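1. Sequence and predicted structure below; questions after.
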Amino acid sequence: MNKRLLTAFGGLLLASLAQADDCRQQLPTWIEMAHPGHVLKDERGHYRVDAERGICKVWPARPELTLIALPLVRAEYEGYGETDLEVLVLDNAKQRFVARLVEPNKLDWDAIYVEDMAFDTAPYRLRKDDIAFGVRISRSGSSRPNPFYETQLNLYQLDAQQLRPLLSELPVRKVWGEWDTNCAGVFSKTEGVVIITERVGNQGYRDLQLKDTRVERRMALVDDQCQTVEESTHRYQLPIEYDEERYLLPIELASDPL
């Protein structure tokens, strides 16, 4: 790589980091714009914005826009809570929201709690030149003997001044196990990749395909050392097609989840 190319790459990297920092610095201002005041109430009752867990990202496909996701806490109890997910799109130049969507109870939690949220801005070109964006929601379990971790992908489309959910709660990563908290037990890890196919389906939306790789392992004490005594790898593909309003999850995920 020549010096000029290295310099250009470094400049792009610094610009990207500066945009990310600027986004985080402005997030409190945007939260106040979206939810002014300290007494927050709507037609469904009182709520609070969990600002610390809010995220934002300049949309690479449309850099004039910034994507924002906020947890709206509706209720908190001992051991569980009720939380909505609000997704907003901000016009950077005009500093106004061009679209916003609240999904009730999207971030509810109990023994399985929400650990992290992140924007997925891969170019999901699902219909002609329309590009969707994603929000990945990761959850963890609180049980040590039965560890659990899962990441689900949600896709959204900006249609004029409306946000439409196109795909909800598609599991793209899952880790679980059952063990004696010392060594012996079984563990499973699945990684999924979403592929946009060339086949055009209902209403012009391209079919998707989920490619999964699952690794299953059994651990045991052998000569006083914790070792893998059995391991297997499975690969499979699941089709995802657009119905009348959104992509439907494959039935296999309901009967045999990741």
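-> Everything's here; your move. Numbering: from 1, shown residues only.

2. all helices in the protein, in order from the N-terminus.
-> Secondary structure of the chain by DSSP state H: the helices cover 3-34, 251-255.

3. among these, where is the model least confident on average?
-> Out of these, helix 3-34 stands lowest, with a mean of 65 (criterion: mean pLDDT).

4. tally of neighbours for Tyr113?
-> Residues lying near Tyr113 (other CB atoms under 10 Å) number 15. Any C-beta I mention is one placed from the backbone N, CA and C, and that applies to glycine too.

5. Now Asp212: closest residue in space that isn't a chain neighbour?
-> Counting by CB to CB, 6 or more residues apart in numbering, the nearest residue to Asp212 once its immediate chain neighbours are dropped is Gly192, at 4.7 Å.

6. Any regions of the stretch 101-250 of the chain where pLDDT drops low?
-> Scanning the stretch 101-250 of the chain for pLDDT under 70 picks out nothing.

7. what residue of the protein is the furthest out?
-> Residue distances from the centre of the chain (CA atoms, centre = their mean) peak at Asp223, which lies 42.3 Å from the mean C-alpha position.

8. quick one, what contacts the residue most central in space within the chain?
-> Here the mean C-alpha position of the chain is nearest to the C-alpha of Arg136 (CA atoms, centre = their mean), at a distance of 0.6 Å. Applying CB atoms under 8 Å, 6 or more residues apart in numbering to Arg136 gives the contacts 117-120, 151-154, 172.

9. mind putting those in a markdown table, neighbour count included?
-> Formatted as a markdown table, the entries for those read as follows, by neighbours: other CB atoms under 10 Å:
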| residue | neighbour count |
| --- | --- |
| Met117 | 18 |
| Ala118 | 14 |
| Phe119 | 19 |
| Asp120 | 17 |
| Thr151 | 21 |
| Gln152 | 19 |
| Leu153 | 20 |
| Asn154 | 23 |
| Val172 | 20 |
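
10. Relative to Pro145, which of the residues you listed is nearest.
-> Using CB to CB, Thr151 is the member of those that sits closest to Pro145, with 21.9 Å.

11. Can you report how many residues lie near Leu167?
-> For Leu167, the neighbour count with other CB under 10 Å is 23.

12. Begin at 383, not 1, for the rest of this chat.
-> Happy to do that; since the first residue is 383 now, the last one works out to Leu549.

13. Distance of the residue nearest to the centre of the chain relative to Cys565?
-> Using CB to CB, to the nearest Å, Arg518 is found at 32 Å from Cys565.

14. Asp473 now?
-> With CB to CB as the criterion, Asp473 and Cys565 are 55 Å apart.

15. for Asp432, same thing?
-> Asp432 sits 38 Å away from Cys565, taking CB to CB as the criterion.

16. now swap in Asp492 and tell me
-> In this structure, Asp492 and Cys565 are separated by 29 Å, where distance is defined by CB to CB.

17. between these two, who's got more neighbours?
-> The residue with the greater number of neighbours, taking Asp492 and Cys565 and applying other CB under 10 Å, is Cys565; the counts read 14 against 11.

18. show me where the stretch 483-632 of the chain has strands.
-> Assigned by DSSP state E, counting those that start in this stretch, the strands in the stretch 483-632 of the chain fall at 494-509, 512-523, 530-541, 544-561, 567-582, 588-604, 607-622.
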